[in-house]
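Undergrad: sharing a sequence plus its predicted fold:
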Amino acid sequence: MTDSLDLLDGVSNIIVSGVPGTAFNAPGTYPAGATGIFHMLMPATPDEVIVLTWVPQVEHQSMPQGSGLLQVRCRGAANKPRRPLELLDQIAVLFLGKLTIPLSATVQIMQVRDRVRAPLGMDDSKRWDWTDNYTLDVAYTPTAGRPASGNW
């Protein structure tokens, strides 16, 4: 895979292990009653979902570490405005302020620096959508140009 996909898959798996009722399946098919985790695209259905998007921000080709923004969007079922906040709070416990979180054999979150939460509103189906945006420092897969020890 790629570092970005390893990051999204790793974060998805951590959420599944720590937030009851959540499920992750890369093709995006989920059993009824599960809160599915999707990557980058908010699906029209099911109602209750978690969507993860990774946006790298600061990277240098010779450094083993960079930083970026992890967006965690949660949407609840119609007329359940509290559910997205409940999900975001449960996810925050897993990540906020944490150090050294392995995501794959070669990719790890070195530090979760901060979180900014914002409401994204309600859609025509009366489903509330909220987002938490985390700033992460990430250690990437070493390459010939980006050795594990870096160009410190």
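TA: Right, received. Where do you want to start?

Undergrad: can you tell me how far the spatially most central residue of the chain is from residue 87?
TA: Nearest residue to the geometric centre of the chain (Cα atoms, centre = their mean): residue 52, 4.2 Å. Look at residue 52 and residue 87: by Cβ to Cβ, to the nearest Å, they are 12 Å apart. Yep, even glycine has a C-beta here, placed from its N, CA and C like the rest.

Undergrad: for whichever helix in the chain runs longest, list every residue counted as buried.
TA: The single longest helix within the chain, with elements called by DSSP state H, is helix 3-18. Neighbour counts over helix 3-18 (16 or more other Cβ atoms under 10 Å) mark 3, 4, 6, 7, 8, 9, 10, 11, 12, 14, 15, 16 as buried.

Undergrad: could you count how many residues lie near residue 141?
TA: For residue 141, the count of nearby residues is 15 (other Cβ atoms under 10 Å).

Undergrad: show me what contacts the nearest residue to it once chain neighbours are set aside?
TA: Excluding its sequence neighbours, the residue lying closest to residue 141 (Cβ to Cβ, 6 or more residues apart in numbering) is residue 106, at 3.9 Å. For residue 106, the contact set (Cβ atoms under 8 Å, 6 or more residues apart in numbering) comprises 3, 6, 140, 141, 142.
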